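*Asks:* Got a sequence here, can you build the structure:
(chains A and B)
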Amino acid sequence: AQSVSQHNHHVILSEAASLELGCNYSYGGTVNLFWYVQYPGQHLQLLLKYFSGDPLVKGIKGFEAEFIKSKFSFNLRKPSVQWSDTAEYFCAVTASGGSYIPTFGRGTSLIVHP
Amino acid sequence: KAGVTQTPRYLIKTRGQQVTLSCSPISGHRSVSWYQQTPGQGLQFLFEYFSETQRNKGNFPGRFSGRQFSNSRSEMNVSTLELGDSALYLCASSFPEGVGELFFGEGSRLTVL
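*Replies:* Numbers count the residues shown, from 1 in each chain, chains lettered A, B, ... in the order given. The predicted structure follows:
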């Protein structure tokens, strides 16, 4: 079974700082990868996803993530964060050809100070 | 298109009681999954239903159960509540071939006293 590790549990940044949230997964086969975001008081929503092709994926609100297969990583990045990016971020993985049930990481809480 | 709707949004129960949570998926979505979200543990998968059948199950005790109706609406039930069951319970719907892309409701926050 696959597993997901998010190294940063809490991140505090000032506006305009750059962001990188780590995500590593363990699974030997082909995977589909996701980042979800949960803004305060709102439902979880998809930020971006990777199925195949270009390993650099662009999502909503200026976020991007890079799939590095050799490192089993799918780190989330944003060059300049805003106060409105304050949220909890979850990395998730599904195994291609297997169950469509995503395995989620424990999440990273991001606080951006104005 | 209406999103995933969960009811009730908040509820308080005492130990030993039981609770039923409801979820209406996005129209046309036939797969419904349930997750338990707690601080520090992230999202833990409970079960997934498709066409009224439980297709996948997580590692939770039998006190946690669910079902799906012919209109794809789903309910989950927790019997003999324990303090540790306090959590946000999330429902998500998807196409069956959605390869893991889920659409979540806002959740039902359960507090067990």
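
*Asks:* Next, work out how far apart the most centrally placed residue in chain B and B:A2 are.
*Replies:* Centroid-nearest residue in chain B: B:W34, 3.2 Å away (criterion: CA atoms, centre = their mean). If you measure B:W34 against B:A2 using CB to CB, to the nearest Å, the figure is 19 Å. (C-beta placed from N, C-alpha, C; glycine too.)

*Asks:* Excluding covalently adjacent residues, which one is nearest to the residue nearest to the centre of chain B?
*Replies:* Excluding its sequence neighbours, the residue lying closest to B:W34 (CB to CB, 6 or more residues apart in numbering or on different chains) is B:L46, at 4.1 Å.

*Asks:* what's near enough to touch residue 81?
*Replies:* Using chain A. A:L13, A:E15, A:A16, A:A17, A:S18, A:L19, A:L110, A:V112 (CB atoms under 8 Å, 6 or more residues apart in numbering or on different chains).

*Asks:* The chain in question should be chain B.
*Replies:* B:K13, B:T14, B:R15, B:G16, B:Q17, B:Q18, B:V19, B:V112.

*Asks:* Now for residue 73: which residues touch it?
*Replies:* Picked chain A for this. A:S73 neighbours (CB under 8 Å, 6+ apart): A:G22, A:C23, A:N24, A:Y25, A:E66, A:F67.

*Asks:* my bad, the chain I had in mind was chain B
*Replies:* B:S22, B:C23, B:S24, B:P25.

*Asks:* can you do 10 Å?
*Replies:* B:T5, B:S22, B:C23, B:S24, B:P25, B:V32, B:Y49, B:R67, B:C91 (CB atoms under 10 Å, 6 or more residues apart in numbering or on different chains).

*Asks:* What's opposite the residue nearest in space to the middle of chain A in the beta bridge?
*Replies:* Centroid-nearest residue in chain A, with CA atoms, centre = their mean: A:W35, separated by 3.5 Å. Counting by DSSP bridges, A:W35 forms beta bridges with A:L48, A:C91.

*Asks:* Give me the buried entries from the contacts of B:L81.
*Replies:* B:K13, B:V19, B:V112 (16 or more other CB atoms under 10 Å in any protein chain shown).

*Asks:* between these, which is nearest A:K49?
*Replies:* B:V19 (32.8 Å; CB to CB).

*Asks:* Quick one: the strands in chain B, in order.
*Replies:* B:5-7, B:10-13, B:19-24, B:31-38, B:42-50, B:53-57, B:64-68, B:74-78, B:87-94, B:103-104, B:108-112 (DSSP state E).

*Asks:* How about the residues of chain B by chain A?
*Replies:* B:3-4, B:6, B:31, B:33, B:35, B:37-45, B:47-48, B:50, B:55-58, B:88, B:90-92, B:94-107 (CB under 10 Å from any CB of the partner chain).

*Asks:* hmm, back to that, for the residue nearest to the centre of chain B, what are its contacts?
*Replies:* B:W34 sits next to B:6, B:21, B:23, B:44-49, B:58, B:60, B:64, B:66, B:74-76, B:89-92, B:108 when contact means CB under 10 Å, 6+ apart.

*Asks:* got any ranges where chain B has weak pLDDT?
*Replies:* B:1, B:96-98 (pLDDT under 70).
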